[in-house]
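# heads up, no residue letters with this:
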């Protein structure tokens with residue numbers, strides 16, 4: 001018997017939206033994008049995502065997905081691997097800088113075509129609501145941790161000391177302020193932007209604490225207004241604990257990021 005399309009299986013598997021129009025899940029904490037060229041029952045699929053606090057958007061072409069990944073914060077991409085051009089999605093390439101979760105739906109016979117791709121979870125066809133829910137539950141812990149690690153806290157901290165090294169020339173950071181801080185990086189604001197690719201070494205006090213931390217990171221972006229983004233490199237376990245213990249307390253929704261039972 002010819003294998004049915006993803007659409008037909010989903011239509012049979014997913015219930016429709018709640019008849020009373022009520023919210024079926026927690027407040028949306030995450031954002032996901034679905035790629036499929038089939039006319040999928042989006043309301044039914046959104047209901048499953050909603051159970052996990054995930055707001056689902058839809059794209060019909062790989063180009064749309066690539067634009068979303070570049071320009072908007074996404075925690076997860078769910079891709080029907082039978083969609084034309086799906087294998088060439090930027091987020092599925094090992095060289096991508098996108099840090100979200102990649103999930104694909106594919107036939108067992110096509111599994112070999114996905115080898116070498118940046119795929120975290122594979123869901124087999126036919127896809128059911130239960131299979132999708134299990135996939136989301138498996139991805140949930142990673143998404144929650146990534147969200148907390150990257151959460152930017154607005155601060156106004158003056159570094160105790162700092163330098164930037166670029167092309168063999170090292171100089172002091174000068175009059176700069178740490179404008180925001182996360183467990184993975186920080187934003188420095190000064191009179192001029194730092195050179196992209198520069199190596200920053202900085203000591204600063206942790207917010208509302210007598211503790212200090214020393215970090216090293218790479219300048220990954222800068223703008224003409226004097227703001228520069230620094231991604232931490234090679235943090236020690238003690239530095240990771242320092243940042244996590246202090247910053248996690250400031251995330252009001254951290255304790256609510258638990259997958260449904």
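Thanks, I have the structure now. Predicted, not measured: the structure shown is a model, and the values here were computed from it.
# biggest helix in the protein by residues?
helix 129-150 (DSSP state H).
# now it: buried residues?
If you call a residue buried by 16 or more other Cβ atoms under 10 Å, then helix 129-150 has these buried ones: 129, 131-133, 135-136, 139-140, 143-144, 146-149. Every residue, glycine included, has its C-beta placed from N, CA and C.
# which pair in these has the greatest spatial separation?
Distance extremes for those: the farthest pair is 129 and 149 at 30.0 Å, using Cβ to Cβ.
# next, residue 175: phi, psi?
phi -80, psi 90 (degrees, to the nearest 10).
# looks like it contacts residue 190 (just checking).
Yes: in this structure, residue 175 is within contact of residue 190 by Cβ atoms under 8 Å, at 6.2 Å.
# what about these two, which has more around it?
The neighbour count for residue 175 versus residue 190, taken as other Cβ atoms under 10 Å, is higher for residue 190 (16 against 10).
# wait, what's in contact with the residue nearest to that one when sequence neighbours are not counted?
Spatial nearest neighbour of residue 190, excluding adjacent residues (Cβ to Cβ, 6 or more residues apart in numbering): residue 176 at 3.9 Å. Residues counted as contacts of residue 176 (Cβ atoms under 8 Å, 6 or more residues apart in numbering) are 158-159, 162, 188-190.
# measure residue 176 to residue 145 for me?
For residue 176, the distance to residue 145 equals 29 Å [Cβ to Cβ, to the nearest Å].
# just list whatever residues bridge to residue 202.
Beta-bridge partners for residue 202, by DSSP bridges, are residue 162, residue 215.
# go on, residue 229?
residue 187, residue 221.
# which residues touch it?
Counted by Cβ under 8 Å, 6+ apart, residue 229 has contacts 185-187, 219-222.
# now stretch 113-123, how far from the centre of its chain.
18 Å (Cα atoms, centre = their mean, to the nearest Å).
# list the buried residues in it.
Those would be 114, 117, 119, 121-123, for stretch 113-123 by 16+ other Cβ under 10 Å.
# and stretch 70-81, by the same measure?
Result for stretch 70-81 [16+ other Cβ under 10 Å]: buried residues 74-81.
# quick one: contacts of that stretch?
So stretch 70-81 is contacted by 6, 30-38, 54, 65, 68-69, 86-87, 89-92, 98, 100-106, 110, 113-114, 139, 143, 146-147 (Cβ under 8 Å, 6+ apart).
# how about 6 Å then?
With contacts defined as Cβ atoms under 6 Å, 6 or more residues apart in numbering, stretch 70-81 is touched by 6, 30-36, 86, 91, 100-106, 143.
# restricted to buried residues, select those residues in ChimeraX.
In ChimeraX, this line selects whichever of these come out buried by 16+ other Cβ under 10 Å:
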select :6,30,31,32,33,34,35,36,86,91,100,101,102,103,104,105,106,143
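# quick check: residue 194 touching residue 164?
Yes: Residue 194 sits in contact with residue 164 when judged by Cβ atoms under 6 Å, with a separation of 5.5 Å.
# out of the contacts of residue 176, who's the most crowded?
Busiest of the contacts of residue 176 [other Cβ under 10 Å] is residue 188, holding 25 neighbours.
# check contacts around that residue.
176, 228.
# show the model's pLDDT score for it.
We note a pLDDT of 96 for residue 188 in this prediction.
# ok, it to residue 163 distance?
Per Cβ to Cβ, residue 188 is found 12 Å from residue 163.
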